[in-house]
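Asks: predicted model, plus sequence, below.
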Amino acid sequence: MKKLVIIGAGMASGRALERLIDADPEAYDVTLFNAEPRGNYNRIMLSPVLSGEKSYAEIVTHDDDWYAQNNVTCRFGEPVTGIDRDRKVVIGTKGEVPYDKLLIATGSAPFIIPVPGHDKPGVIAYRDLDDTNAMINAADAPGKSAVVIGGGLLGLEAAAGLALRGMSVTVIHLMGHLLERQLDPAAGYLLQKDLEKRGIKVHCQGATKAILGEDRAEAVLLEDGTVYDADLVVMAVGIRPETRAATDAGLDVGRGISVDAQMVTSDPDILAVGECVEFDGQLFGLVAPLYDQAKVVAATLLDQPAAFTPKELSTKLKVTGCDLFSAGDFADGEGREDIVFRDPSRGVYKRLVIEDDQLKGAVFYGDTSDSNWFFGLIRDGEDISDMRETLIFGPAYQGGSPVDPLSAVAALPRDAEICGCNGVCKGQIEDAIAGGATDLGAVRAITKASGSCGTCTGLVEQVLSVTLGDDFKMPAAQSICGCTDMTHEDVRRMIKSQELKSMPAVWQECGWKTSCGCHICRPALNYYLLADWPLDYKDDPQSRFINERKHANIQKDGTFSVVPRMWGGMTNPAELRAIADAAEKYNVPTVHVTGGQRIDLLGVKGEDLPAIWADLNKAGLVSGHAYSKGLRTVKTCVGTDHCRFGTQDSTGLGIKLEKKLWGSWTPHKVKLAVSGCPRNCAEATCKDIGVVCVDSGYQIGVGGAAGMDVKETERLADAATEEDAIELATAFMQLYRENGKYLDRPYKWIAKVGLDWVKERVVDDLESRKALVERFELSQSIYRTDPWAEHVKERAESYQPLANLTLEAAE
Amino acid sequence: MTDWIDIAELNDVPRRGARVVKTAHGCVAVFRTAEDEVFALDNACPHKKGPLSEGIVHGKAVTCPLHNWAISLETGSVMGVDEGQVSTYPARVQDGRILLDGTFLRARAVA
């Protein structure tokens, strides 16, 4: 009988063995090596073992009896130290075994991030039963905490299992959302919400810096300084094929052991199967392709024809209660169309990606009941053009003719609910219309329909349209952009009332029609989120216009301008010298004095920005935010310091205001000025906030403009002291930050809400004024910093080219 | 015959972001989408030569920072009512590294 040696008793080799013995039990005399001191068990079911839903005995696939009955010689717990291809023997620690055919099934090894402390006791991977038992043991005492590094499938299953065993669990994930390979951000957000409901804390965009502890792991430190207690640290950041035996034996190895479609390696007598192989540039980690490979291995060993072809794959998470599914390719792209269905109250998200009338990919969260049907459509590349209109509702809804949305609304009975939030049915809306309400605003005022979450706005408009016929003009879209039907105001209300603290949260709860927004909505959302949730939301540079991303103004030739801050328009010889030196050193072609009393260095190359900032920082100069939708400048005259007409220290007040307000982000740019007397040399009466000093104190005006529109400020209040003036300006700023529409200057915003409304909150109600100032200060605790210094220190590299190929001569 | 040049780590380019690669014939912008695909295009908008690498990336498109023209990362063509075309170059990710096709990059000289 020919001799077959197998290295590795995992699921792939186990299946291959079953297939081989089923087909011809007499073909080979089999010896099975395994480094683990046990045979084949169902590794996929380790998660239920961890959570306590199953025992080890229940997941064993081949027990001792099975191996004995099938005459398999087991060498378990014995690592293989070498393969001698010339003599055709496998060398184990307890001796050699000759082979005619060898099957390598060494699987994969967990990837351990080499951070300081990764080798401490208490840090484990999650690959086998020993790891699982270590986790179960760690969870045996109450009050223990665990940190799972890696929010992929394995990491989340580990986290859920540990949480079920009573540990307090935190998941650290490097990327912006969980399961980023399997899910888009919207579905990732829903998953995070579900996990948080189970008490699992999720920290995305978290990079592990070190594992702390004396003799064993006690805590995990992140790059951003966060520390999480951890009696147990589970590293689940990824796996790599275990190829050492194959490499040492001189076989062709890429990322994995290279095999052909017959699963044969570069040595015709050696086959490989499972997670350790690479076929056609691909690696395999899920069980379905491994089983396909096993079938081919058995056939090849029996000299039967067979070929392995990778198939489309789908993913499900084995965490009870988290229903998610993804398959195919669900990236956006030209020629690709999305069909997105969101049901915020049920936490359901479904997204289909269609290209050339075929379903290319699907992501479902919350309702995966029809996932197999969709998976079939993807796999078979079926033409879906006929059922496109109703495709997303699943197989039960196919076959009917597409429905005109208006006739569908017309067909609704009077008691059909239109607005779920306020319990308004179609009949009430019809009655309101009959009573004289002829537009959305009037219907909303009378019935409250669409007055809460706003997602039924379109439906209410359709009822208006059906009822009034041609008398009703569908209002021109005032939505933020094509990604949504909701207005800026509606979205802001949702962000506050529903406590939406991330972009995927807004996209989901507000029913965004695109997967990740566009260049119009993303900067607006980024502003709303950071203004409303300064401590919870992390600013997203990729959702900012380039000027705010690189803290400089882009010019028409792609260079940038650099404007250092001069507090209250004041400077001194040392600062001027530093500016002059920088201008020379970086060959700045143009030096210009701005209208806001600053010096503008124009024509700086993007890659020089961190260096010029570092030089300016050394002289004490910080960013002037001349590029931001935020506080720009406070312009002053010299007031009582020098001027014979000055009534107050206008320069001093200007500096104080600028030091208070700088760094804050606002819906649009904000410019201030302080004039020392009514002659108004600082032109304070055409600024967003302008202070004019008089003998008795300070006149605070707001809502001025001198741009596309020219407007004089309106008087907000008179203040007796500097402190009052600063408090009023700060409270006004915060009210604008909290309520303004993105890209509305204060004068436009005041025109919408009315100056009286502003006065009530900023001037008359002292409690409200104090609260506004407090919220402003809370936000400033994050944002009152110099972004230049921060970028010089932390991301200077990102300003440089990714690579420079100019040295490579053109041929 | 492709001649893949190893450029940098995928993570050196932020998600929904871009960085440039300098070549003897000008800059190539390397984009990374939210879904971790990479694309390489000439770093110049067909409109007024705006640096596309500084634009906002959304889906598989970028919006030029100068005048908001939207360019498809896949085809290099201008989307919407405007018209124009940007050269694209083969790019791919392998083992977390970004690779560009050297043959194509060099062909820019003759193109």
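Replies: Thanks, I have the structure now. Numbering: from 1, shown residues only, chains lettered A, B, ... in the order given.
Asks: ranges for the helices of the stretch 451-600 of chain A?
Replies: With DSSP state H, counting those that start in this stretch, the ranges of helices along the stretch 451-600 of chain A come out as A:457-468, A:488-497, A:503-509, A:521-532, A:546-550, A:573-585.
Asks: and these as JSON lines, adding distance to A:Arg165, mean pLDDT and mean neighbour count?
Replies: Placement of C-beta: from N, CA and C, glycine included. Converted to JSON lines, these look like this (distance: least, CB to CB, whole Å; pLDDT from 0 to 100; neighbours: other CB atoms under 10 Å in any protein chain shown):
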{"stretch": "helix A:457-468", "distance to A:Arg165": "46", "mean pLDDT": "83", "mean neighbour count": "20"}
{"stretch": "helix A:488-497", "distance to A:Arg165": "36", "mean pLDDT": "87", "mean neighbour count": "19"}
{"stretch": "helix A:503-509", "distance to A:Arg165": "29", "mean pLDDT": "91", "mean neighbour count": "24"}
{"stretch": "helix A:521-532", "distance to A:Arg165": "35", "mean pLDDT": "96", "mean neighbour count": "24"}
{"stretch": "helix A:546-550", "distance to A:Arg165": "44", "mean pLDDT": "95", "mean neighbour count": "22"}
{"stretch": "helix A:573-585", "distance to A:Arg165": "59", "mean pLDDT": "96", "mean neighbour count": "15"}
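Asks: out of those helices, flag the one nearest chain B.
Replies: Chain B sits nearest to helix A:546-550 of all the helices of the stretch 451-600 of chain A, at 4.1 Å, using CB to the nearest CB.
Asks: can you pull the alpha-carbon coordinates of that closest one into CSV?
Replies: Taking Å, rounded to 0.1, in the frame of the first residue of the first chain, the C-alpha atoms of helix A:546-550 are listed here in CSV:
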residue,chain,number,x,y,z
ILE,A,546,-8.6,70.7,1.4
ASN,A,547,-8.0,74.1,3.1
GLU,A,548,-9.2,72.8,6.4
ARG,A,549,-7.6,69.5,5.9
LYS,A,550,-4.1,71.0,5.3
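Asks: quick check: which ranges of chain B have low pLDDT?
Replies: B:1-2, B:108-111 (pLDDT under 70).
Asks: so where do the helices sit in it?
Replies: With helices called from DSSP state H, chain B shows them at B:102-107.
Asks: and the residue of it closest to chain A?
Replies: Of all residues in chain B, B:Gly59 sits closest to chain A, at 3.4 Å by CB to the nearest CB.
Asks: distance of that residue from A:Leu529?
Replies: Distance, B:Gly59 to A:Leu529, by CB to CB, to the nearest Å: 20 Å.
Asks: the closest residue in space to B:Arg92 that isn't next to it in sequence bridge partners, please.
Replies: The shortest distance from B:Arg92 to any non-neighbouring residue, by CB to CB, 6 or more residues apart in numbering or on different chains, is to B:Leu99 (5.3 Å). The partner list for B:Leu99 in beta bridges (DSSP bridges) reads B:Asp6, B:Arg92.
Asks: show me what contacts B:Leu99?
Replies: Contact partners of B:Leu99, counting by CB atoms under 8 Å, 6 or more residues apart in numbering or on different chains, are B:Trp4, B:Ile5, B:Asp6, B:Ile7, B:Ala91, B:Arg92, B:Val93.
Asks: kindly report the same for A:Asn617.
Replies: Here A:Asn617 is in contact with A:Asp786, A:Trp788, A:Ala789, A:Val792 (CB under 8 Å, 6+ apart).
Asks: tabulate those residues (CSV), appending pLDDT and distance to A:Leu129.
Replies: Formatted as CSV, the contacts of A:Asn617 follow (pLDDT from 0 to 100; distance: CB to CB, whole Å):
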residue, pLDDT, distance to A:Leu129
A:Asp786, 96, 53
A:Trp788, 96, 53
A:Ala789, 95, 51
A:Val792, 95, 50
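Asks: what sits against whatever residue of the stretch 1-150 of chain A ends up closest to chain B?
Replies: Among all residues of the stretch 1-150 of chain A, A:Phe111 sits closest to chain B, at 11.2 Å; criterion: CB to the nearest CB. Contacts for A:Phe111 were tallied using CB under 8 Å, 6+ apart; they are A:Met235, A:Val237, A:Gly238, A:Ile239, A:Arg240.
Asks: now it: closest residue in space that isn't a chain neighbour?
Replies: Nearest residue to A:Phe111, sequence neighbours excluded (CB to CB, 6+ apart): A:Gly238, at 4.4 Å.
Asks: cool, and A:Ala9?
Replies: Among residues not flanking A:Ala9 along the chain, A:Asn34 sits closest, at 3.8 Å (CB to CB, 6+ apart).
Asks: wait, doesn't that neighbour sit right on A:Val72?
Replies: No: contact criterion CB atoms under 8 Å: A:Asn34 and A:Val72 do not qualify, at 11.1 Å.
Asks: out of these two, which sits in the more crowded spot?
Replies: Counted by other CB atoms under 10 Å in any protein chain shown, A:Asn34 and A:Val72 do not tie: A:Asn34 has more neighbours, with 23 against 20.
Asks: so how far is A:Val634 from A:Arg715?
Replies: Distance of A:Arg715 to A:Val634, given as CB to CB: 19 Å.
Asks: between those two, which has more neighbouring residues?
Replies: It is A:Val634, of A:Arg715 and A:Val634, that has more neighbours when counted by other CB under 10 Å, with 34 against 14.
Asks: quick one: secondary structure of the more buried one?
Replies: Per DSSP: H, G, I helix; E, B strand; the rest coil, the secondary structure class of A:Val634 is strand.
Asks: what's near enough to touch it?
Replies: A:Trp567, A:Gly568, A:Gly569, A:Gly654, A:Ile655, A:Leu657, A:Glu658, A:Leu661, A:Leu672, A:Ala673, A:Val674.
Asks: so which of these sit within helices?
Replies: Among these, the members falling in helices (DSSP H) are A:Gly654, A:Ile655, A:Leu657, A:Glu658, A:Leu661.
Asks: is it true that the first one touches A:Gly676?
Replies: No: between A:Gly654 and A:Gly676 there is no contact, the gap being 9.6 Å when judged by CB under 8 Å.
Asks: overlap in contacts of these two?
Replies: Common neighbours of A:Gly654 and A:Gly676, counting by CB under 8 Å, 6+ apart, are A:Thr636, A:Ala682.
Asks: follow-up on the earlier one: which of the ones in helices among the contacts of A:Val634 sits closest to A:Thr647?
Replies: A:Gly654 (14.3 Å; CB to CB).
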